[in-house]
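In: sequence plus the predicted model coming up.
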Amino acid sequence: MLKPYFQKEKIEAGCDEAGRGCLAGPVVAAAVILPRAYKHEVLNDSKQLSEKQRNELRKEIINDALAWGVGVASPGEIDEINILNASYLAMHRAIEQLKISPELLLIDGNRFKPFNEIPHECIIKGDGKFYSIAAASILAKTYRDDLMRQLALDFPGYGWETNVGYPTRTHRDGLKEMGSTPHHRMSFQLLPNQLELFPAD
């Protein structure tokens, strides 16, 4: 069972991102403030859930959250400032969308760039420990997956409808055959020599 809060007396926003390891598409972050005594039997780290569960939970989270926001950093921004700083930027943009000002940020991972002097706690594997971070992981993941599937309609052949931009064999084969798109991260190594090192779709 996940925990409903880190410090009971504070308004907490859980923050997480999706898409850091992708070759294409933006990095997307979400911030979520849940009711203080929130509990849920299924809500967990988005990676531990099925696509159907994530999509169902997204509706519940949006309905139940006191506030939520989604932030995006583009492939161009990733190339300009690097993926780590772009992840921070996406998180900052998500936090800016919150209609309630958080008093504490719960960040999934071990590093964060402070935002607006709001105190924060970095929690390794936090999306499997706190409801608010798990909720943020689901919003970020589902938002980004939907975006990549839309892009797949305009840029077929890379398998984005299933790999959502991650470095699978289908994605690499598409790059070999057709080259890159405006949505690829040109600062990433798009085509290594040993394709067999990458998972199949």
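Out: Structure received.
In: tell me who's in contact with P75.
Out: Listed by Cβ atoms under 8 Å, 6 or more residues apart in numbering, the contact set of P75 reads A24, G25, P26, P182, H183, H184, R185, M186. For every residue, glycine as well, the C-beta is placed using N, CA and C.
In: and what of R185?
Out: Counting by Cβ under 8 Å, 6+ apart, R185 touches C22, L23, A24, P75, I78, D79, I83.
In: strands of this protein, start to end?
Out: 12-18, 27-33, 67-73, 104-108, 120-123 (DSSP state E).
In: for those strands, could you give me CSV that also reports distance to L147, mean pLDDT and mean neighbour count?
Out: Shown next, in CSV, are the strands of the chain (distance: least, Cβ to Cβ, whole Å; pLDDT from 0 to 100; neighbours: other Cβ atoms under 10 Å):
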stretch, distance to L147, mean pLDDT, mean neighbour count
strand 12-18, 10, 98, 29
strand 27-33, 7, 98, 31
strand 67-73, 8, 98, 22
strand 104-108, 20, 98, 24
strand 120-123, 26, 98, 16
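In: buried residues in stretch 81-90, which are they?
Out: Within stretch 81-90, the residues scored as buried using 16 or more other Cβ atoms under 10 Å are I83, A86, S87, Y88, L89, A90.
In: and those, which is closest to K10?
Out: Among those, Y88 lies closest to K10 (Cβ to Cβ), at 21.5 Å.
In: ok, which of the strands of the chain comes nearest D145?
Out: That would be strand 12-18 among the strands of the chain, by Cβ to Cβ, at 8.0 Å.
In: how far away is the nearest residue to S101 once chain neighbours are set aside from W160?
Out: Nearest non-adjacent residue to S101, counting by Cβ to Cβ, 6 or more residues apart in numbering: I11, 7.3 Å away. Counting by Cβ to Cβ, to the nearest Å, the gap from I11 to W160 is 37 Å.
In: now swap in F130 and tell me
Out: As defined by Cβ to Cβ, F130 lies at a distance of 31 Å from W160.
In: which one of the two is surrounded by more residues?
Out: W160 (29 against 22; other Cβ atoms under 10 Å).
In: tally of neighbours for the spatially closest residue to that one that is not a sequence neighbour?
Out: Spatial nearest neighbour of W160, excluding adjacent residues (Cβ to Cβ, 6+ apart): A152 at 3.8 Å. Close neighbours of A152, defined as other Cβ under 10 Å, add up to 19.
In: low pLDDT regions in the protein?
Out: Applying pLDDT under 70 to the chain flags residues 193-201.
In: how does it divide into domains?
Out: Annotated domains of the chain cover 12-151, 155-197 [automatic domain parsing].
In: and the lengthiest helix in the chain, how far out from the chain's middle?
Out: Assignment by DSSP state H gives helix 131-154 as the longest helix of the chain. Put simply, helix 131-154 sits 7 Å off its chain's centre (Cα atoms, centre = their mean, to the nearest Å).
In: show me what counts as buried in it.
Out: Going by neighbour count (16+ other Cβ under 10 Å), the buried part of helix 131-154 is 131-145, 147-148, 151-152.
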